[in-house]
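got a structure for you, letters missing:
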Ligand code: NAD
């Protein structure tokens, strides 16, 4: 039986009214399990109106009460990790263990939100001028929107709504239509934790719902994570409508391996970071750059490891890599492998013919490894977002840095070396916003910020860390004087005020 999902508006489930639905598929079986409603403009308007109404009291709610609710949510999240991970696996396809990791990384940012009182501490300068004090405070913005991608259906919503709500805002989230169930469960847990109705709302949908959020006059800020073309569009449209916006886009993360690196460790790292979650991570390594003469040896070590990866359903404990999210995405990823040889690459492993017994309708792809990929090849230029690892060869460290910095993407990168000086240079010379030194996927811990630059991030703010508090609040500076009634009046002075 196909389940029909609802929106979450004003603290309760609300049936879709537009009559338009999208299919949610179990990627391992290929079966459509759920129909997700696509909100029409008036349904988005209802959610924004609820959020606007709730903002009046939520923005005035004390930090003590806000954090009490967040602590309760944290406890509920902890108790329900398994259930949320199961929802993720059933709609995204990733391994249960991987889904649990995602929940943990979301929880890390909920931890940060629980300590919002420390982050929102203002500043006070006394006696800046005679009898004058200056205070700097940060205040919430109002209704903020979150628009999230399929690949982290619980973690990225949590990165957004936990910090936005902690800062005193109310939220309308538009989760990915491909795997929307986890975010709904999170909304229920927030309600169970005591969050007042209307503070957190979810509208499902497609471009229609997103466009309405981007132009709605009562939405003050937009957080977006997704592919680069949509990120660019969201940034331009929301900015043109006067909103604060952060739009994180796609990625093509390079791992530079210097000749002195531990090649066993580098091969382990490349395989783990390249094929984990079937390559559907924005921090996945998709390009290995071999420096000097190590190329053949490194490719061989990667090949030997990659061909042993066990592929199967995410809820089977024996599997290590699951299916791709949709059939269309699976076919698109496969096309990069089938076209690679014509583009001049050497196909070392071709996963396009892979199938899993008993799950013939699943969206399967085996692992693919492409060597000596020219920079002109489509497989190098595009973000593939699947289990396809490209290897490029360069002669020198400098050649590797140029290659990475010439990419339009600049999300994450890593260097593998035993040379501290080279690693230090790399940190300073490289464009991407997140850099790993012998760490292939340098996803920053929740209390540091997450984000790249160039085509991987449009806007000024990263996610979580101090950037989140800044993004979800605006500054205000108050200058005050309390003259003694006994003082003589200062008199009229048309000059520009000076401190003395
Ligand atoms: P996507 O861009 O297709 O969709 C993201 C969101 O935008 C979804 O909610 C979707 O409904 C909406 N959307 C899609 N097309 C739209 C349009 N034309 N107009 C308005 N809204 C639209 O991305 P995806 O396939 O769900 O996610 C994968 C992408 O996200 C990859 O490119 C990946 O690199 C990126 N990503 C980036 C980061 C990061 O931190 N930079 C993190 C996770 C994922």
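Yes, it's here. Because the structure is a prediction, the values reported are computed rather than measured.

quick one: residue 397 and residue 290 touch, right?
No - at 11.8 Å, residue 397 does not count as touching residue 290 under the criterion of C-beta atoms under 8 Å. Using the backbone N, CA and C atoms, a C-beta is placed for each residue, glycine as well.

quick one: which of these two has more around it?
Here residue 397 and residue 290 are set side by side on neighbour count (other C-beta atoms under 10 Å), and the busier one is residue 290, at 28 against 21.

May I have the secondary structure class of the residue nearest to the spatial centre of the chain?
By C-alpha atoms, centre = their mean, the chain has its centre lying nearest to residue 156, at 4.7 Å. What DSSP: H, G, I helix; E, B strand; the rest coil gives for residue 156 is helix.

go on, residue 246?
State at residue 246, reduced to three classes by three-state DSSP: strand.

how near is it to residue 465?
12 Å (C-beta to C-beta, to the nearest Å).

The two: which is more packed in?
For residue 246 versus residue 465, neighbours defined as other C-beta under 10 Å are more numerous around residue 246 (26 against 21).

so what's that one bridging to?
Counting by DSSP bridges, residue 246 forms beta bridges with residue 223.

my guess is it contacts residue 464, does it?
No - at 11.2 Å, residue 246 does not count as touching residue 464 under the criterion of C-beta under 8 Å.

Helices along the stretch 1-150 of the chain, start to end?
Assigned by DSSP state H, counting those that start in this stretch, the stretch 1-150 of the chain shows helices spanning 41-58, 63-79, 81-92, 96-114, 116-119.

Tabulate those helices (JSON lines), appending mean neighbour count, distance to residue 2 and mean pLDDT.
Formatted as JSON lines, the helices of the stretch 1-150 of the chain follow (neighbours: other C-beta atoms under 10 Å; distance: least, C-beta to C-beta, whole Å; pLDDT from 0 to 100):
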{"stretch": "helix 41-58", "mean neighbour count": "19", "distance to residue 2": "21", "mean pLDDT": "98"}
{"stretch": "helix 63-79", "mean neighbour count": "17", "distance to residue 2": "28", "mean pLDDT": "98"}
{"stretch": "helix 81-92", "mean neighbour count": "22", "distance to residue 2": "13", "mean pLDDT": "98"}
{"stretch": "helix 96-114", "mean neighbour count": "21", "distance to residue 2": "22", "mean pLDDT": "98"}
{"stretch": "helix 116-119", "mean neighbour count": "16", "distance to residue 2": "40", "mean pLDDT": "96"}
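
now for these, which one comes closest to residue 421?
Nearest to residue 421 among the helices of the stretch 1-150 of the chain is helix 96-114; the distance by C-beta to C-beta comes to 32.0 Å.

Contacts for stretch 447-461 next, please.
Stretch 447-461 has contacts (C-beta atoms under 8 Å, 6 or more residues apart in numbering) with 112, 159, 228, 231-232, 234-236, 245-251, 282, 407-412, 431-434, 443-444, 462-468, 470-471.

and with 7 Å instead?
112, 228, 231-232, 235, 245-251, 408-412, 431-434, 443-444, 462-467, 470-471 (C-beta atoms under 7 Å, 6 or more residues apart in numbering).
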